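Colleague: I need the structure of the sequence given here:
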Amino acid sequence: MRNDAAEPKYATAEIAVWWDIVDCPIPEGYEAHRVRPSIEGAFKKLGYSGPVSITAYGDQTQTPDNLLRGLSSTGVHVAHAITESTCALMYSDMVEWRRHIPPPATMMFISNQVDHVFSLDLARLQQETQYNLFLAYSVSSKAIPALETSAEWRWNNLLKSKTKKTRVVKIYEEEESDRAMFYCKSCDFDCQSLRELRKHLSSRYHAMGELLCPTATEISPVTMKWGRNFPAKPEYATAKILVLWDIVDCPIPEGYEVHRVRPSIEGAFKKLGYSGPVSITAYGDQSQTPDHLLRGLSSTGVAVSHAITEVRYRRMFYDLIGWQDLNPPPATIMLISDHIEDYFSTFVAGLQQCCIKYKYNMFLAYSFRPNKMLALVTSAEWLWESLLEGVYLSSSLCSTVSETRRHVLQRCSSQTGEPESTRMFDCETCLFDCKSLDDFMKHLSTNEHAWEVSILSQYIISFFLTI
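Modeller: Purely as a prediction, here's the structure:
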């Protein structure tokens, strides 16, 4: 469990804590007024000393008065919510808090539901506007591992943090007890007295409110409403663009001129205001790709990478990481594949959350739309065949693309009428590369290549048999 020391910008910044006291209850025999000092003690151990706001959510009709008094006496706010609505209310309060408190600041959830209920939407929010994030839970799951955190605790271990209990409690009783609030989320009611909260929760007004105006039981994902295909931001408009293209998932349509692929992709970029240099690599089992397609791609500056099905995505992934090492942001990365969710989305989304100033602009293309929202936030997405055809449907781009295509074909035509290769061919299996299609195809037909493929296939089969 990684618990990083505080970065200077977060060390004294505000910290907001949303705590589900049903998932993570106060242990029997544990003094309620020790909860806040224990949480703050864990923060201080990592170097955080900023002001802390804690709100405890749950069905407070089931919480004993002595626990609520102990919490409020140390400045912990108490929010009443029916159990089914707790997650939705915590999340909506977090979203509202983000609207008013800009980074740098720290958020913390104490709940067992983070991974299952709102991890996906929160991971997307974090890619766009990054806050420092803590988690605590009594049961860990990581159902959606895309959410990056700076610190995580088991709830019971967090409560064991050493604190100067007597002194801390005295400070809060004297200075902060008047600031603790009691809320009824069902009725939009608040007060500063436990007696008033109890009176409200037992009232006919409250009973009718929960019956006639029930609170939401499911979160409303904020990022689901986000648009796509935005105009280029200034920092990305002329920056480099890397395109990793799976030609097995997204093949060149039958009858489509291979020389149109690169101009079509670049035309779609230009339509959004991107004019930076574009590097495209096509991945697949190239022994199955017709020579005229490989020659046509290479003639327009598209690199061709041979990788058998079992390692195709791994190769794309390694090339992505290697390119990032050599090309810091601002830059754009485009993935063309139908397996983005399986092999790329979670990891790349995690990288995008690590540090906003190192965030890449992301594009996607696929032959069919994903059946659910991806963890990875993008600036533009296309259906593959629409991408190839759409540029020619736009009159404003027709002349540009036609000129690009004429230039490419003219540049790449040899005296014999055969287009020359302008990019590399490589075989990931054998770590072989060349600039000639003939040399490349000759390599793929050698016994040495067949032997390497056989060894790799046997290794992959044995690996999966052992897991």
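Colleague: Below-threshold pLDDT in the stretch 301-450 of the chain: ranges please.
Modeller: 355-358, 390-423 (pLDDT under 70).
Colleague: any idea how the protein splits into domains?
Modeller: 8-221, 235-464 (automatic domain parsing).
Colleague: Burial check on the closest residue to Pro253 other than its chain neighbours, number of neighbours?
Modeller: In space, not counting the residues next to it along the chain, Pro253 is nearest to Glu385; the distance is 6.0 Å by Cβ to Cβ, 6 or more residues apart in numbering. Every residue, glycine included, has its C-beta placed from N, CA and C. If you count neighbours by other Cβ atoms under 10 Å, Glu385 ends up with 13.
Colleague: Now do the SS call for Glu385.
Modeller: Of the three states, Glu385 takes helix under DSSP: H, G, I helix; E, B strand; the rest coil.
Colleague: heads up, I number from 41, so please use that
Modeller: Yes, from this point I'll number from 41; that puts the last item at Glu425.
Colleague: element containing Pro410?
Modeller: Counting by DSSP states H and E, no helix or strand carries Pro410.
Colleague: Pretty sure it sits against Ile380.
Modeller: Yes: using Cβ atoms under 8 Å, Pro410 makes contact with Ile380 at a distance of 7.1 Å.
Colleague: which of those two has more neighbours?
Modeller: For Pro410 versus Ile380, the count of surrounding residues by other Cβ under 10 Å is larger for Ile380: 25 against 14.
Colleague: Grab the nearest non-local neighbour of the more buried one.
Modeller: Leu404 is the one closest to Ile380 (Cβ to Cβ, 6+ apart), at 6.0 Å.
Colleague: For the one you found, name its beta-bridge partners.
Modeller: Here Leu404 sits in beta bridges with Leu375, Glu421, going by DSSP bridges.
Colleague: quick one: contacts for it?
Modeller: 374-376, 380, 414, 416, 418, 420-422 (Cβ atoms under 8 Å, 6 or more residues apart in numbering).
Colleague: okay, now the closest residue to Ser233 other than its chain neighbours: neighbour count?
Modeller: In space, and not counting its chain neighbours, Ser233 is closest to Phe222: 7.1 Å by Cβ to Cβ, 6+ apart. The tally of other residues near Phe222 (other Cβ under 10 Å) stands at 23.
Colleague: what does the one 5 residues further on give?
Modeller: Burial of Cys227 is recorded as 19 neighbouring residues (other Cβ under 10 Å).
Colleague: Report the contact partners of it.
Modeller: With Cβ under 8 Å, 6+ apart, Cys227 has these contacts: 240, 245-246, 249-250.
Colleague: Repeat the analysis, applying 6 Å as the threshold.
Modeller: Cys227 makes contacts with 246, 249, as judged by Cβ atoms under 6 Å, 6 or more residues apart in numbering.
Colleague: so it is in which element?
Modeller: Going by DSSP H and E, Cys227 is not in any helix or strand.
Colleague: per-residue confidence for it?
Modeller: We have a pLDDT of 93 for Cys227.
Colleague: Now do the phi/psi pair for it.
Modeller: phi -120, psi 0 (degrees, to the nearest 10).
Colleague: do you know how far it is from Phe270?
Modeller: With distances taken as Cβ to Cβ, to the nearest Å, Cys227 is found 40 Å from Phe270.
Colleague: Next: Gly307.
Modeller: Distance from Gly307 to Phe270, by Cβ to Cβ: 17 Å.
Colleague: So if I had to pick from those two, which one is more boxed in?
Modeller: Gly307 (23 against 13).
Colleague: give me phi/psi at the more buried one?
Modeller: Dihedral angles (degrees, to the nearest 10) for Gly307: phi -60, psi -40.
Colleague: how far away is it from Glu429?
Modeller: From Gly307 to Glu429 the distance is 11 Å (Cβ to Cβ).
Colleague: what residues are up against Thr123?
Modeller: 62, 99.
Colleague: Contacts for the helix or strand encompassing Val388, please.
Modeller: In this structure, Val388 sits in helix 386-394 according to DSSP H and E. Here helix 386-394 makes contact (Cβ under 6 Å, 6+ apart) with 163, 166-167, 185-186, 188, 399, 415-416.
Colleague: farthest pair in these?
Modeller: Pro185 and Lys399 (18.9 Å; Cβ to Cβ).
Colleague: Quick one: the helices in the stretch 41-190 of the chain, in order.
Modeller: 48-51, 75-85, 105-113, 126-140, 159-168 (DSSP state H, counting those that start in this stretch).
Colleague: Adding mean pLDDT, distance to Pro317 and mean neighbour count, write those helices out as TSV.
Modeller: Shown next, in TSV, are those (pLDDT from 0 to 100; distance: least, Cβ to Cβ, whole Å; neighbours: other Cβ atoms under 10 Å):
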stretch	mean pLDDT	distance to Pro317	mean neighbour count
helix 48-51	97	34	14
helix 75-85	98	46	21
helix 105-113	97	58	19
helix 126-140	96	36	18
helix 159-168	93	25	23
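Colleague: Now render those as CSV, adding distance to Ile66.
Modeller: Formatted as CSV, the helices of the stretch 41-190 of the chain follow (distance: least, Cβ to Cβ, whole Å):
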stretch, distance to Ile66
helix 48-51, 27
helix 75-85, 6
helix 105-113, 6
helix 126-140, 16
helix 159-168, 25
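Colleague: for the ones you listed, which one sits closest to Val62?
Modeller: Smallest distance to Val62 across the helices of the stretch 41-190 of the chain (Cβ to Cβ): 6.7 Å, for helix 126-140.
Colleague: which helices and strands does that closest one pack with?
Modeller: When contacts are defined as 3 or more Cβ pairs under 6 Å, 6 or more residues apart in numbering; DSSP states H and E, helix 126-140 sits against strand 55-60.
Colleague: Pull up the gap between the residue nearest in space to the middle of the chain and Gly295, please.
Modeller: In the chain, the centroid-proximal residue (Cα atoms, centre = their mean) is Ala389; its distance is 3.1 Å. To Gly295, Ala389 is 37 Å away according to Cβ to Cβ.
Colleague: next one: Ala72
Modeller: 72 Å.
Colleague: Who has more neighbours out of those two?
Modeller: Relative neighbour count places Ala72 above the other of Ala72 and Gly295, with 20 against 5, counting by other Cβ under 10 Å.
Colleague: The more buried one is in contact with Ser112, isn't it?
Modeller: No: the pair Ala72 and Ser112 does not pass the contact test of Cβ atoms under 6 Å, sitting 9.1 Å apart.
Colleague: all helices for the stretch 341-490 of the chain, in order.
Modeller: 352-366, 380, 386-394, 424-433, 435-452, 477-484, 487-506.
Colleague: Could I get the contacting residues of Thr52?
Modeller: 89-90.
Colleague: redo that, cut-off 10 Å
Modeller: 46, 87-91, 144 (Cβ atoms under 10 Å, 6 or more residues apart in numbering).
Colleague: Show me the two of the residues you listed that sit farthest apart.
Modeller: With Cβ to Cβ as the measure, no two of the contacts of Thr52 lie farther apart than Gly87 and Pro91, at 15.1 Å.
Colleague: Now do the shared contacts for Pro410 and Ile380.
Modeller: 404, 421.
Colleague: OK, contacts around the residue nearest to Asp473 when sequence neighbours are not counted?
Modeller: Once flanking residues are discounted, Asp473 sits nearest to Asp466: 3.8 Å by Cβ to Cβ, 6+ apart. By Cβ under 10 Å, 6+ apart, the contact set of Asp466 is 321, 326, 343-347, 355, 359, 472-474, 480, 483.
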